[in-house]
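Asker: build me a model from this:
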Amino acid sequence: MEKKYPSPSLEKEGDFIKRKSKKVCLICALLFLTLSLSFFPRPSGATSVIEVRIQGCSVIKEDEIKKVITQPEFAFSKDKVREDLQAIYDMGYFFSVRAFKETTPEGIILIYEVKEYPVVSRVEFVGVEDKEEKKLEELTTLEIGKPWNYKKAQETKSKILDYFRKIGYTQAKVDFSPPSSEKDIGVATFSIDKGERARVIEVEISGNSFFSDVRVRSFMQTRFKRYFDPQILKEDIKKIVKKYQKEGFYFARVDPVEFKFFEKDRIRWVRIFLQVNEGKRFRMGKLSIEGNKVLSEDEIKEYFRPIEGQIFNLEKAKDSVRKIQQLYGEKGYLHATVNSSLHVDEEKEVVNVALFIKENNQIHVGRIKVEGNEVSKERVFKHTILLKPGDIFSTSEMIESWRRLYNLGFFERVDMEPVDTPDPSVMDLLVKVKEKERTGSLLFGASYSSSLGFGGFVQLSKDNLWGEGKMLSLDWEFGQRKNNYQVDYIDRWWRDTPTRLELGL
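Answerer: This next block holds a predicted model:
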């Protein structure tokens, strides 16, 4: 008898079982978790987990599983067990994951029992042509020789749907199933129903006067002879409305779209009918401001666009609010909020804007913490980060510090974020970096010519020397009749000052 494997559900905790309905699955999952964790006696005090064991895996290595779960030497808690169960299940290779524990005088041994999906030996695509099957084989992320993986099957499904959508099959459907362990054939199957596709023969536009038909069509990706995609058409309509709103037509809209499908010369076509409702054209009215003390009304109005009397542009108004928020951040008011309210006067055809500002405390820099710098020393960060403890916490200086640090070329990734402290007027700056594996290079070669004889060259460079931001480079060209070299040394912060020292020989 063929064995069925459950489809993972989002409502999962503890043991994961085949769902009959979302509600039943949720109840069963919660019930199992309650039962599977309730047999764990409550630890007296901070009972530690001294060992974590994995049972049941045959292809997936234990070390792979242990990478995603909590390591030993932690205080036992049900929450951590739940998190581990979720993390193991989210790997995608297992249709069942259970947790057990064994109490010893030394502490708790936590045991995770897993059951793998069958190993994939081949991926089969049903419902497509041979030439399409070759393309789909390139898209699959399932790994031959490893257990079937639910997450990778979902990824493959998304890629297949995206592929068929791009060539016009916008109604395509994809189902998948793991191999059968009973038959032991190891075939992962994707069943595909492409549906029908149609080309656009025409987009008829009515109701528009401000923009011509040609101009409206220029906003769209849905065009003559292209495959019809409802999702792209939906984005086109949003773009049309946004273009009208930029020109002051605040209430512009496109009425529900009508379609006419027909077949001609063995090609399926669709004619699309767009009814535009432009509405009235509005101008900017009065700008009122409340709650500002740090910034004057004139300073705020200087940053706000459009100004009174100009065509009202919703995007410009939103961008102005962001700029005012940013201006407060530059002055250290990281918790300042700027909210806006629009009041449309249809009779006067103007939009009045009200800004409500809550400035809150000015923030100063507390400590600057750096994480991930295994090579780079403190001086690199000291001279690159503009913010110092006690300074006003300026967001613009934080952004510039990020740019300077990243542009050194020592790091693959640089993250900066303000961190709350017990003092509401102080925030620490947390800097997380991931250093590049290599910050140097070595090139060498050899040559021969009748005029110069044998020769060669060596080029050596090392940046972030000793983790201090220094650089040393050597360029040596040698041969029977020549011997040239160039040595350069750079100290970006000579004697721990902003002075840059460059030496060459």
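Asker: how near is the nearest residue to residue 117 once chain neighbours are set aside to residue 337?
Answerer: Among residues not flanking residue 117 along the chain, residue 148 sits closest, at 3.9 Å (CB to CB, 6 or more residues apart in numbering). In this view, the C-beta of every residue, glycine as well, is placed from N, C-alpha and C. Separation of residue 148 from residue 337 (CB to CB, to the nearest Å) stands at 49 Å.
Asker: so if I had to pick from the two, which one is more boxed in?
Answerer: Of the pair residue 148 and residue 337, residue 148 is the one with more neighbours under other CB atoms under 10 Å, namely 26 against 13.
Asker: go ahead and confirm the more buried one touches residue 189.
Answerer: No - Residue 148 lies out of contact with residue 189 (CB atoms under 8 Å); the separation is 10.2 Å.
Asker: and stretch 175-195, which residues are buried?
Answerer: 176, 178-181, 186-190, 192, 194 (16 or more other CB atoms under 10 Å).
Asker: using PDB, write out the CA atom coordinates for it.
Answerer: Extracted in PDB, the C-alpha atoms of stretch 175-195 (Å, rounded to 0.1, in the frame of the first residue of the first chain):
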ATOM      1  CA  ASP A 175       0.800  20.700  -7.700                       C
ATOM      2  CA  PHE A 176       3.600  18.600  -6.300                       C
ATOM      3  CA  SER A 177       4.000  15.400  -4.300                       C
ATOM      4  CA  PRO A 178       7.000  13.600  -2.700                       C
ATOM      5  CA  PRO A 179       8.300  10.200  -3.800                       C
ATOM      6  CA  SER A 180       6.700   7.100  -2.500                       C
ATOM      7  CA  SER A 181       8.900   5.100  -0.100                       C
ATOM      8  CA  GLU A 182       6.700   2.000  -0.500                       C
ATOM      9  CA  LYS A 183       7.500   1.700  -4.200                       C
ATOM     10  CA  ASP A 184      11.000   3.100  -3.500                       C
ATOM     11  CA  ILE A 185      11.100   4.700  -6.900                       C
ATOM     12  CA  GLY A 186      12.300   8.100  -5.600                       C
ATOM     13  CA  VAL A 187      10.300  10.200  -8.200                       C
ATOM     14  CA  ALA A 188       9.300  13.700  -7.100                       C
ATOM     15  CA  THR A 189       6.400  14.800  -9.300                       C
ATOM     16  CA  PHE A 190       5.200  18.200 -10.400                       C
ATOM     17  CA  SER A 191       1.800  18.200 -12.000                       C
ATOM     18  CA  ILE A 192       1.200  21.200 -14.200                       C
ATOM     19  CA  ASP A 193      -2.000  22.600 -15.800                       C
ATOM     20  CA  LYS A 194      -0.900  25.500 -18.000                       C
ATOM     21  CA  GLY A 195      -4.400  26.700 -18.800                       C
END
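Asker: and the contacts of it?
Answerer: Applying CB atoms under 8 Å, 6 or more residues apart in numbering, the set of residues contacting stretch 175-195 from outside is 1-3, 5, 95, 117-128, 136, 140, 142, 148, 153, 156-157, 160, 164, 169-174.
Asker: list buried residues within the residues you listed.
Answerer: Listed as buried from those are 5, 95, 117-120, 123, 125, 128, 136, 140, 142, 148, 153, 156-157, 160, 164, 169-170, 172, 174; burial here means 16+ other CB under 10 Å.
Asker: circling back: next step: the buried residues of stretch 175-195 restricted to helices.
Answerer: Among the buried residues of stretch 175-195, none falls in helices (DSSP state H).
Asker: excluding sequence neighbours, find me the nearest residue to residue 414.
Answerer: Nearest non-adjacent residue to residue 414, counting by CB to CB, 6+ apart: residue 406, 4.7 Å away.
Asker: pretty sure that neighbour sits in a strand.
Answerer: No - counting by DSSP: H, G, I helix; E, B strand; the rest coil, residue 406 is not found in a strand; it is helix.
Asker: which non-adjacent residue is nearest residue 367?
Answerer: residue 428 (4.7 Å).
Asker: please, which helix or strand holds the one you found?
Answerer: Using DSSP states H and E, residue 428 falls within strand 426-435.
Asker: got the domain ranges for the protein?
Answerer: Annotated domains of the chain cover 22-116, 122-193, 199-277, 283-356, 364-435, 440-504 [automatic domain parsing].
Asker: mean pLDDT for the ones you listed - can I get that in JSON lines?
Answerer: Putting these into JSON lines (pLDDT from 0 to 100) gives the following:
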{"stretch": "domain 22-116", "mean pLDDT": "76"}
{"stretch": "domain 122-193", "mean pLDDT": "88"}
{"stretch": "domain 199-277", "mean pLDDT": "94"}
{"stretch": "domain 283-356", "mean pLDDT": "96"}
{"stretch": "domain 364-435", "mean pLDDT": "93"}
{"stretch": "domain 440-504", "mean pLDDT": "81"}
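Asker: now do the helices in the chain.
Answerer: In the chain, the helices defined using DSSP H lie at 22-38, 62-66, 78-89, 130-139, 150-166, 213-218, 230-246, 297-303, 314-330, 378-384, 395-407.
Asker: quick one: which of these is nearest residue 455?
Answerer: helix 395-407 (36.6 Å; CB to CB).
Asker: who's in contact with that closest one?
Answerer: 326, 329-330, 334, 381, 384-387, 391, 411, 414, 416, 418, 429, 431, 433.
Asker: partners of the longest strand anywhere in the chain, with directions?
Answerer: Counting residues, the longest strand in the chain under DSSP state E turns out to be strand 453-465. On the basis of DSSP bridges, the sheet neighbours of strand 453-465 come out as strand 440-449 (antiparallel), strand 470-479 (antiparallel).
Asker: most neighbours per residue, which of those strands?
Answerer: strand 470-479 (a mean of 16; mean count of other CB atoms under 10 Å).
Asker: show me how far it is from its chain's centre.
Answerer: Centroid displacement of strand 470-479 relative to its chain, using CA atoms, centre = their mean, to the nearest Å, is 41 Å.
Asker: now it - C-alpha only, PDB.
Answerer: This file holds the C-alpha atoms of strand 470-479, laid out as PDB (Å, rounded to 0.1, in the frame of the first residue of the first chain):
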ATOM      1  CA  LYS A 470      47.100  50.300   6.900                       C
ATOM      2  CA  MET A 471      48.100  49.300   3.300                       C
ATOM      3  CA  LEU A 472      51.400  47.800   1.900                       C
ATOM      4  CA  SER A 473      52.000  47.100  -1.800                       C
ATOM      5  CA  LEU A 474      55.000  45.800  -3.800                       C
ATOM      6  CA  ASP A 475      55.400  45.900  -7.500                       C
ATOM      7  CA  TRP A 476      58.600  44.100  -8.700                       C
ATOM      8  CA  GLU A 477      59.500  43.700 -12.400                       C
ATOM      9  CA  PHE A 478      62.800  41.700 -13.000                       C
ATOM     10  CA  GLY A 479      64.800  40.200 -15.800                       C
END
